[in-house]
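1. Provide a 3D model corresponding to the input given below.
(one chain, ligands or ions: 3)
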Amino acid sequence: MSLVVMKFGGSSVGDAERIKRVASRIVERKKEGNRCVVVVSAMGDTTDDLVELSQQIAGNTPPAREMDMLLTTGEQISVALLSMASQQLGEEAVSFTGWQAGIQTEAVHGKARIQEINPERVLKALEQEKIVVVAGFQGFTEEGEITTLGRGGSDTTAVAVAAAIKADLCEIYTDVDGIYSTDPRIVKVARKLKEISYDEMLELANLGAAVLHPRAVECAKHNKVNLVVRSSFTHNEGTQVKEEAVMEQGIVVSGIAYDKNIARISILGVPERAGQLAAVFTALANEKIDVDIIVQSGIVENQAEFSFSLSGSDVDRALAVIEGLRPTVGFRSVNSETGLVKVSIVGAGMVSTPGVAAKMFATISELGISINMVSTSEIKTSCVINGERLNEVIQALHTAYGLDTDSAVFVGGPSERR
Ligand code: ADP
Ligand code: ASP
Ligand code: MG
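-> Ligands and ions are numbered 1, 2, ... in the order given. Got it, this is the predicted structure:
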């Protein structure tokens, strides 16, 4: 008998019919002789709708604690309904909130990390032959406050629970039937990967591939969780995420990811003095503003110039912080640009193959698009570019790296949320 964690995302439980279908999938898995823990996200667009509702009341900066209180209700609805649907099929099932499932997090609202899981109640219910349905995306702090794990965080709940109960397998059921060489909703001839290494998937997830939450991959790698991404609509074989993945011959780049909503801020005429960079980036860090690529250009007449990329949602706050530094740092001017995207290529084979980044730059420039910023590591290269022709760029890179398959892929269920 195997112990399996099955996670279903929002689009898989978008309405009553789908919840019933997911329930029969779970019951089927149980009848195959498995013990099942199910992690589920809020139905369809629920989380987005709740965010919008909060904005109508509290604008763009709602109180973080109340936001977590609000958003966690979404998952509470789906666990209750999924447990009911499983019971309708004659199985014993029980739903748990994050707190009831013992998911303890750090005391940070909006993007808390899981610190430990006490799976006592989950294990007890499993012993009683019950299907255990756990609310994704939520936890509680030592002080008993409710927290959320960041958007897309139900994947992380699933993997962390799988690690805590030493599950044999963690299956992420979603609206595509595996991990592809790039988002199959953008590139119709994207290639489905049979397997991918934790490291490559971690890069792809960090660089924006929504199919898995980055911390879920991190947690799977750390705890060696046997992780599979597959479709909740079909029985197609999915993609395995594992320590060492076998690379297809001749494939150097295994995936292409993108991150929309990127912005650039440039600070010009910064008097050359030790500690200037530190002053700016410490001030931004103190305001919990994540900065991504940083570029400092040469010093001319004792003045430096630097630019950095960040999330488009943080630009106004970042500009305010920088303005506050004008008297101490003494820069000449600051400017910003929004509507940018970051496109990245990822592949473990890049490190030993020359010319991979050069091909990326050439492919983008052949489209007549200029590259604003670049960052590289052993297994990835990222370019920040104007976002208007993103799909075209991804398609061109996909072809350039020999990733196109001959036929269009079958992608699975409808995507209501895009
Ligand atoms: P869920 O609600 O099940 O968590 P998500 O929307 O978070 O689903 O993730 C699935 C989506 O991820 C797919 O519909 C697809 O558009 C997107 N995606 C982005 N990159 C990839 C990729 N490389 N492979 C598969 N899907 C991807
Ligand atoms: N419901 C949450 C979200 O929409 C968590 C998740 O779907 O993983 O971000
Ligand atoms: Mg998701």
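2. taking the stretch 151-300 of the chain, what residue is nearest to ligand 2?
-> Using CB to the nearest ligand atom, the single residue of the stretch 151-300 of the chain nearest to ligand 2 is residue 154, 3.2 Å away. (Glycine included, C-beta is placed from N, CA and C.)
3. for residue 135, see how far away whichever residue of the stretch 1-150 of the chain sits closest to ligand 1 is.
-> The minimum distance from the stretch 1-150 of the chain to ligand 1, using CB to the nearest ligand atom, falls at residue 9 (1.9 Å). The gap separating residue 9 from residue 135 is 13 Å, by CB to CB, to the nearest Å.
4. so for those two, which sits in the more crowded spot?
-> The neighbour count for residue 9 versus residue 135, taken as other CB atoms under 10 Å, is higher for residue 135 (29 against 25).
5. helices or strands next to the helix or strand containing residue 204 in the packing?
-> Per DSSP states H and E: residue 204 is located in helix 198-206. Other helices and strands packing on helix 198-206, by 3 or more CB pairs under 8 Å, 6 or more residues apart in numbering; DSSP states H and E, are helix 214-223, strand 239-242, strand 255-271, strand 333-346.
6. how far away from the center of its chain is the last one?
-> Read it as strand 333-346. Relative to the centre of its chain, strand 333-346 is centred 19 Å away, using CA atoms, centre = their mean, to the nearest Å.
7. and that strand with helix 198-206, angle?
-> Strand 333-346 and helix 198-206 are oriented at 140 degrees to each other (axes from the mean of the first three to the mean of the last three CA atoms, to 10 degrees).
8. can you list the residues of the stretch 201-350 of the chain near ligand 1?
-> 209-211, 255 (CB under 6 Å from any ligand atom).
9. apply 5 Å and report the result again.
-> Contacts of the stretch 201-350 of the chain with ligand 1, taken as CB under 5 Å from any ligand atom, map to 209-211.
10. so who does the closest residue to residue 212 other than its chain neighbours touch?
-> Nearest non-adjacent residue to residue 212, counting by CB to CB, 6 or more residues apart in numbering: residue 205, 4.9 Å away. Applying CB atoms under 8 Å, 6 or more residues apart in numbering to residue 205 gives the contacts 211-214, 216-217, 257.
11. which of those residues has the most neighbours?
-> residue 216 (29 neighbours).
12. next, the contact list for that residue, please.
-> Applying CB under 8 Å, 6+ apart, the residues near residue 216 are 155-156, 158-160, 172, 205, 227.
13. mind running it again at 7 Å?
-> Counting by CB atoms under 7 Å, 6 or more residues apart in numbering, residue 216 touches 155-156, 158-159.
14. helices or strands next to the helix or strand of the chain with the lowest mean pLDDT in the packing?
-> Scoring the helices and strands of the chain by mean pLDDT, DSSP states H and E places strand 291-300 at the bottom, with a mean of 88. Where contact means 3 or more CB pairs under 7 Å, 6 or more residues apart in numbering; DSSP states H and E, strand 291-300 is packed against strand 303-311, strand 371-377.
15. ok now the helix holding residue 204, how far from the chain's centre?
-> Taking mean C-alpha positions (CA atoms, centre = their mean), helix 198-206 and its chain are 10 Å apart.
16. ok, now stretch 194-212?
-> Relative to the mean C-alpha coordinate of its chain, stretch 194-212 is positioned 9 Å out (CA atoms, centre = their mean).
17. quick check: buried residues in that stretch?
-> Across stretch 194-212, burial judged by 16 or more other CB atoms under 10 Å covers 195-212.
18. mean confidence score for it?
-> Stretch 194-212 comes out with an average pLDDT of 95.
19. go on, stretch 253-263?
-> Averaging pLDDT along stretch 253-263 yields 95.
20. do the lengthiest helix in the chain and ligand 1 meet?
-> The residue-count maximum for a helix in the chain (DSSP state H) belongs to helix 64-88. No. Residues of helix 64-88 are not located near ligand 1 by CB under 5 Å from any ligand atom, the shortest gap being 11.3 Å.
21. the residue of the stretch 1-150 of the chain closest to ligand 1 against residue 174, yeah?
-> Yes. Assessed by CB atoms under 7 Å, residue 9 is found in contact with residue 174 at 4.9 Å.
22. around ligand 1, pick out the residues from the stretch 1-150 of the chain.
-> 9-11.
23. return the member of those nearest to ligand 3.
-> residue 9 (4.8 Å; CB to the ion).
24. give the contact list for that closest one.
-> 41, 154, 174-175.
25. again, but for residue 228
-> Residue 228 neighbours (CB under 7 Å, 6+ apart): 169, 171-172, 238-240.
26. top of the residues you listed by neighbour count?
-> Comparing the contacts of residue 228 by number of neighbours (other CB under 10 Å), residue 172 comes first, having 29 neighbours.
27. ok, it to residue 6 distance?
-> 8 Å.
28. same question for residue 194.
-> 20 Å.
29. what bridges to the residue lying closest to residue 372 once chain neighbours are set aside?
-> Nearest residue to residue 372, sequence neighbours excluded (CB to CB, 6+ apart): residue 384, at 4.7 Å. Residues in a beta bridge with residue 384, per DSSP bridges, are residue 342, residue 373.
30. relative to residue 272, how far out is the residue of the chain most remote from its centre?
-> In terms of distance from the mean C-alpha position of the chain, residue 301 ranks first, at 43.1 Å (CA atoms, centre = their mean). Going from residue 301 to residue 272 by CB to CB gives 9 Å.
31. how about residue 143?
-> Look at residue 143 and residue 272: by CB to CB, they are 47 Å apart.
32. could you do residue 243 as well?
-> 46 Å.
33. before we move on, what about residue 191?
-> Residue 191 is 49 Å from residue 272, by CB to CB.
34. again, but for residue 224
-> Residue 224 is 49 Å from residue 272, by CB to CB.
35. can you give the distance from stretch 382-394 to the centre of its chain?
-> With CA atoms, centre = their mean, you get 19 Å for stretch 382-394.
36. kindly apply the preceding question to stretch 180-188 instead.
-> 16 Å.
37. again, but for stretch 358-376
-> For stretch 358-376, the distance to the chain centre is 25 Å (CA atoms, centre = their mean).
38. residues of the protein that sit close to ligand 3?
-> 9, 152 (CB under 5 Å from the ion).
39. and the residue of the chain closest to ligand 3?
-> residue 152 (4.2 Å).
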